[in-house]
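Peer 1: Sequence plus predicted model, see below.
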Amino acid sequence: MQTLKEDVRQSILRAARNEFQSHDYTGASMRRISAAAGITTGNIYRYFTNKEELFEALVGPIYEKIVNYILDLKKELERSYAGEDNGLKYLNMVEETIVGLFLEYSTELTILMNRSSGSKYGQVKERMVSLIVTILEDAFTAGPQNAGELTTADRQSARMLAGTIVEGVCLILREHEDGETVKRLVNEFVFLYHLGMQHRCTR
């Protein structure tokens, strides 16, 4: 049995990253990926059973990171409101984590958020919106100025803001590749979001 080589696997992943960044999941070609990786089309299937498995290897880990980050953020928000922490600590945590994800996984995030149509991640934006809605709803009801019960207007605002956050991230990823530009835009985006949340939760 021929041993699979890690350097070949990494070469395939690099080629796939470029292919999925240029085409969405449906339009990506295993033939082009294998050619870019310098191997035969038949050989690529020894490393990845199909295009779905290869796509999963690229974006699955970052998807899990994002979900875990959002859930951790929800817990941090709950602790912040339960104690005496102000919003600055929360903002810094949000900013550092988002910027870190962008800088380390910008290509994978671009693929996940903008190129996953036709894959099992095709509804990823809606999933992200739903998770963020739960955070915003908690923020609306947990602050010291709030009564602790969601109104219809609260739910509508949470949905609108969550959609804005997700689409803002997608726009930055879609239009910019330079790390410093991404970092600056994310910083501005998070800062403006935080200002709006402070006003919304304390009015």
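Peer 2: Great, that's in hand. Worth saying up front: this structure is predicted, and the values here are computed from it rather than measured.

Peer 1: Okay, buried residues for the helix or strand A15 falls within please.
Peer 2: Remark: A15 resides in helix 6-22, with elements defined by DSSP states H and E. By 16 or more other Cβ atoms under 10 Å, the buried positions in helix 6-22 come out as V8, R9, S11, I12, L13, A15, A16, R17, E19, F20, Q21. In this view, the C-beta of every residue, glycine as well, is placed from N, C-alpha and C.

Peer 1: could you give the mean pLDDT of that helix?
Peer 2: For helix 6-22, the mean per-residue pLDDT is 95.

Peer 1: could you dump it to CSV, C-alpha only?
Peer 2: Output of helix 6-22 as CSV, limited to C-alpha atoms (Å, rounded to 0.1, in the frame of the first residue of the first chain):
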residue,chain,number,x,y,z
GLU,A,6,1.7,15.1,4.1
ASP,A,7,3.5,17.5,1.7
VAL,A,8,1.2,16.3,-1.1
ARG,A,9,-1.8,16.7,1.0
GLN,A,10,-0.8,20.2,1.9
SER,A,11,-0.2,21.0,-1.8
ILE,A,12,-3.7,19.8,-2.6
LEU,A,13,-5.1,22.0,0.2
ARG,A,14,-3.2,25.1,-1.1
ALA,A,15,-4.5,24.4,-4.6
ALA,A,16,-8.0,23.9,-3.4
ARG,A,17,-7.9,27.1,-1.4
ASN,A,18,-7.1,29.0,-4.5
GLU,A,19,-9.7,27.2,-6.6
PHE,A,20,-12.5,27.7,-4.1
GLN,A,21,-11.6,31.3,-3.7
SER,A,22,-11.9,31.9,-7.4
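
Peer 1: Just give me how far it sits from the chain centre.
Peer 2: Remark: helix 6-22 is offset 20 Å from the chain centroid, using Cα atoms, centre = their mean, to the nearest Å.

Peer 1: Poorly predicted segments of the chain, please.
Peer 2: 1-3, 77-99, 139-140, 142-148, 179, 190, 193-203 (pLDDT under 70).
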